[in-house]
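[1] Sharing a model prediction with you, sequence too.
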Amino acid sequence: MHRLVLTITLLAVTLISSGQVPTKSSKSPFEFVDPLIGTGISTTESALRYSQDGSELRGQTFPAVGVPHGMTSWTPQTQATETKCISPYYYEDKKIQGFRASHWLSGSCTQDYGSMTIMPLSGALELDAAQRASHFDHKQEKATPASYAVFLDRSKIAVELSGLSHSAMLQFSFSKEEDAYIIIEPNSDEGEGYVEVDPEKREIRGYNPVHCIYQGLGKPAGFSGYFVAVFDSPFETFGVWRGRKVLNQKNKQHGSGQAVGAFSRFVLNHSKVVRVRVGCSFTSIAEARNNLQAEIPEWDMEAVKERARQCWEKELGKVQVEGVDDEQKKLFYTALYHTKLLPRVVSDVNGSYNAFASQGQERKARDFEYYDDFSLWDTYRAVHPLLTILAPERTEDMMKSLLSKAKEGGWLPIFPCWNSYTAAMIGDHAVSMLGDALIKGIGSSLAEEAYEAMRKNAFEINRNVEEYRDGKGRRALESYLRYNYIPLEDSVPDAFHQQEQVSRTLEYAYDDYVLSRVAIMLNKKEDYKILKKRSTNYTNVFDTNSGYVRGRHTSGQWIDSFDPHALRCSYITEGSPSQYSWYVPHDVPGLVTLMGGRTRFISRLDTLFDYRYYWHGNEPGHQIPYLYAMVGLPWKTQARVRQILREEYGPGPGGLSGNEDAGQMSAWLVFSMLGFYPVCPGSPEYILGTPSFPKASLNINGKVFSIEAIGTSEENRYIQSAVLNGKDLAEPVLKHKDIVAGGNLVIKMGPSENRSWGTEGVPN
């Protein structure tokens, strides 16, 4: 059996060591988080086989410092650009260029935006990011969710930083007897930033305009990332720059196609320490200052670190795991940390935010926090379902945020980022996120408003050409409604991912299923009938002769050239037909029938895994290992899940086998180590897998749901029996209501598969 090989690693361990005696630890969950996991290059077999470019070989995470779902995350910067698919930090980079107030979508292939960077220098003033960069040693780097510290070898400066949602504090300890500079740079790739120096207030302020990618590529998004940096030491001299031109004692500079920034030189005090507090906002410099005053009014670094730590302790402490060694806890709590970075709050402390896709019109969130950067094609699968369990109140705020976007922009967004419409990925999964929450009883007062917004996306073709190009409305909906699938003749030109017709058909069928469940819940019977029928549209792109999904023409003829295991197909999103053929999470019995029955279905699953066609590093297959349990073979799910945990995740910088994608890769691990998974969001049920922990407790609004896995280990991976609240659990299914009500699930584990437990399958 293949093993995960890491060329860049902090520690060499296996996920679960057979027979290992767990070590007791008094550490809190916070202390197990390693923000460097996922910042390096993955070398798993699946990553090497299926990745098409360098960014797909990475987790694309970064050591984000701040608080859960905070507006701004602070990070060391090793890459100066805001270019698409370039993370601010890569573990293998040898130099640090500064410390960035970042809005990078953790684990993504999108862009940073509205960011700014601060860099201390000793000696000569150097403005260029690459030229001013300093070597550093990972051994002198300490990253936690609440703080980051490092020593810059070139300038002999010790750096420490911590942050809250809208603000941060940085501390620079100089050791050389040389001029001490601090530079601040808005990271505008377009050269449109602005800086202003106010020596009387010991303040540097400015902004970095945000631009769109995907729909409206290169166009202004209508808002900026604003900042105010306040220093505790007076400026001896100061200045600004544009391009390579330095303007000493000048205090303002607008970008005009060239990079701009500001600097100050300090007279060091006896401690040789300079501190800076920074406030951030997406609405104005004034609100950046107000956010700073509200969150960090004093010069107390330890107090900031402690407040940030407490926020993380509260969030991470909602799940307590026992009986395993520290390395397993590191994997688990780091993954949990990654699931709590996005979506991000973008409203100010006073509730002000930019109306969605409005070119700068402001609104105020009066009874909720306003969120953005919903990587919905990824996160609807497990990140949002995890939030429905652990953070229902936050989930409701996210629902309100999506509905605010629909009201302000006219259409429910598909993949809302940088407060703009995008058609970055396929599907219409705001429907999934909203529908799943409603079906689980969250945000019930929003049900009618949510249904109307979701229904518009599902039923109305946006015939306003300009609006449609900007991302409003389902892509290729006209073809989907006409043919009950999207034919190859529709190239889907007004999307970032063009074509991919089969994958779109499959995902729309799933979204229609979720909406049908909301429709019947609200007694909208006619809509329910239509949507229920549309949810079977997946059958129209399934070729029963080959046993796989396949591209289809308007005539009904299948595409001639066909290889189900091709690494990429034009009509499949980021994968092969053999990987996407399993994307029918809402109707597994129907998929079994299409594949020719249960025996052939199971054989095809075995082929996918045994011949290494499964690609865990991309999201559309994350539910696949749980399908065995849904056809009466839960023991095969248990074996496959443990195999994936062992082979696709690790403790070092290369410990993710593909893009983290806003927490989805980690959410799969969190659920799977706990022992269950949301195969079909929109259904209030989870499929049991195999618990990794002897005991795990979920603390849900004062109620505790505990999972005891007696005897679990790498060898004892198979469920022998299960008892929920004192009653035998015959099927491998958990209901959402049973989890959030609190209770106790007791599972006996063993070294051999129990082929008589959970064999009845899962009804849909």
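    Everything's here; your move.
[2] buried sites along the top helix by length along the chain?
    Secondary structure assigned by DSSP state H gives helix 501-521 as the longest helix of the chain. If you call a residue buried by 16 or more other Cβ atoms under 10 Å, then helix 501-521 has these buried ones: 501-519. Heads up, the C-betas are built off the backbone N, CA and C, glycines and all.
[3] Tell me how many other residues crowd the closest residue to E507 other than its chain neighbours.
    Spatial nearest neighbour of E507, excluding adjacent residues (Cβ to Cβ, 6 or more residues apart in numbering): G427 at 3.6 Å. Here the number of neighbours of G427 (other Cβ atoms under 10 Å) works out to 23.
[4] which residues does G427 contact?
    376-377, 414, 504, 507-508, 510-511 (Cβ atoms under 8 Å, 6 or more residues apart in numbering).
[5] And it, how close does it get to R474?
    In this structure, G427 and R474 are separated by 9 Å, where distance is defined by Cβ to Cβ, to the nearest Å.
[6] Now the common contact residues for the two.
    By Cβ under 8 Å, 6+ apart, the residues touching both G427 and R474 are 414, 508.
[7] picking up where we left off before, which per-residue confidence value corresponds to the residue nearest to E507?
    As summarised for this prediction, G427 has a pLDDT of 98.
[8] which SS class is it?
    coil (DSSP: H, G, I helix; E, B strand; the rest coil).
[9] For it, what are phi and psi?
    Main-chain torsions, G427, degrees, to the nearest 10: phi 80, psi -170.
[10] Start the count at 34 instead of 1 going forward.
    In the new count, where the first residue is 34, that last one comes out as G460.
[11] For the worst-scoring helix or strand of the chain on mean pLDDT, which outside residues touch it?
    Between all helices and strands in the chain, the lowest mean by mean pLDDT, DSSP states H and E belongs to helix 78-83, at a mean of 89. Residues from elsewhere that reach helix 78-83, judged by Cβ under 8 Å, 6+ apart: 35, 89-90, 600, 608, 645, 647-651, 680-681, 690-691.
[12] CA-only coordinates of it in CSV, if you can.
    Provided in CSV are the C-alpha atoms of helix 78-83 (Å, rounded to 0.1, in the frame of the first residue of the first chain):
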residue,chain,number,x,y,z
GLU,A,78,0.4,10.0,-5.5
SER,A,79,-3.0,11.5,-6.3
ALA,A,80,-1.6,15.1,-6.3
LEU,A,81,1.2,14.1,-8.6
ARG,A,82,-1.0,12.2,-10.9
TYR,A,83,-4.0,14.5,-11.3
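[13] how far out from the middle of the chain is the next helix or strand after that helix?
    Heading C-terminal from helix 78-83, the first helix or strand you meet, by DSSP states H and E, is strand 106-110. In terms of Cα atoms, centre = their mean, to the nearest Å, the gap separating the centre of strand 106-110 from the centre of its chain is 17 Å.
[14] Quick check: mean pLDDT of strand 106-110?
    The predicted confidence, averaged over strand 106-110, sits at 98.
[15] try stretch 726-741
    When pLDDT is averaged over stretch 726-741, the result is 97.
[16] Setting aside sequence neighbours, what's the nearest residue to the spatially most central residue of the chain?
    The residue at the geometric middle of the chain, judged as the C-alpha nearest the mean C-alpha position with Cα atoms, centre = their mean, is A695 (0.9 Å). When the adjacent residues along the chain are set aside, A695 lies closest to S408, with 3.7 Å between them (Cβ to Cβ, 6+ apart).
[17] Looks like that neighbour contacts F448 (just checking).
    Yes - counting by Cβ atoms under 8 Å, F448 is a contact partner of S408 at 7.0 Å.
[18] which stretches of the stretch 684-797 of the chain form helices?
    The residue ranges that make up the helices of the stretch 684-797 of the chain, judged by DSSP state H, counting those that start in this stretch, are 697-707, 769-773.
[19] Against R133, how distant is P96?
    When Cβ to Cβ is the yardstick, P96 and R133 sit 11 Å from each other.
[20] Which one's more surrounded, those two?
    Taking other Cβ under 10 Å, P96 and R133 do not tie; R133 has more neighbours (28 against 23).
[21] sec struct for that one, please.
    State at R133, reduced to three classes by three-state DSSP: strand.
[22] Who is it paired with across the strands?
    Listed by DSSP bridges, the beta-bridge partners for R133 are T108, T150.
[23] cool, and V582?
    Beta-bridge partners recorded for V582 (DSSP bridges): F575.
[24] Show the average pLDDT along stretch 65-77.
    Averaged over stretch 65-77, pLDDT sits at 95.
[25] could I get that stretch in CSV with only the CA atoms?
    Once side chains and other backbone atoms are set aside, the C-alpha atoms of stretch 65-77 remain, and they are given as CSV (Å, rounded to 0.1, in the frame of the first residue of the first chain):
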residue,chain,number,x,y,z
PHE,A,65,-2.3,21.8,18.6
VAL,A,66,-2.8,24.0,15.6
ASP,A,67,0.0,24.2,13.1
PRO,A,68,-0.8,27.0,10.6
LEU,A,69,2.1,25.9,8.4
ILE,A,70,0.3,22.7,7.3
GLY,A,71,-0.7,23.0,3.7
THR,A,72,1.8,25.8,2.9
GLY,A,73,4.2,23.6,1.0
ILE,A,74,4.2,21.3,-2.0
SER,A,75,2.3,18.0,-1.8
THR,A,76,3.9,14.8,-3.0
THR,A,77,1.0,12.4,-2.6
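[26] Next, the contact list for L90, please.
    By Cβ under 8 Å, 6+ apart, the neighbours of L90 are 74-75, 80-81, 84.
[27] Which among these count as buried?
    74-75, 80, 84.
[28] Check whether E441 sits in a helix, strand or coil.
    The assignment at E441 comes out as helix when based on three-state DSSP.
[29] Could you measure from it over to R396?
    For E441, the distance to R396 equals 7 Å [Cβ to Cβ].
[30] Then F268?
    Relative to R396, F268 is positioned 37 Å away (Cβ to Cβ).
[31] now swap in Y613 and tell me
    Using Cβ to Cβ, one gets 39 Å for the distance from Y613 to R396.
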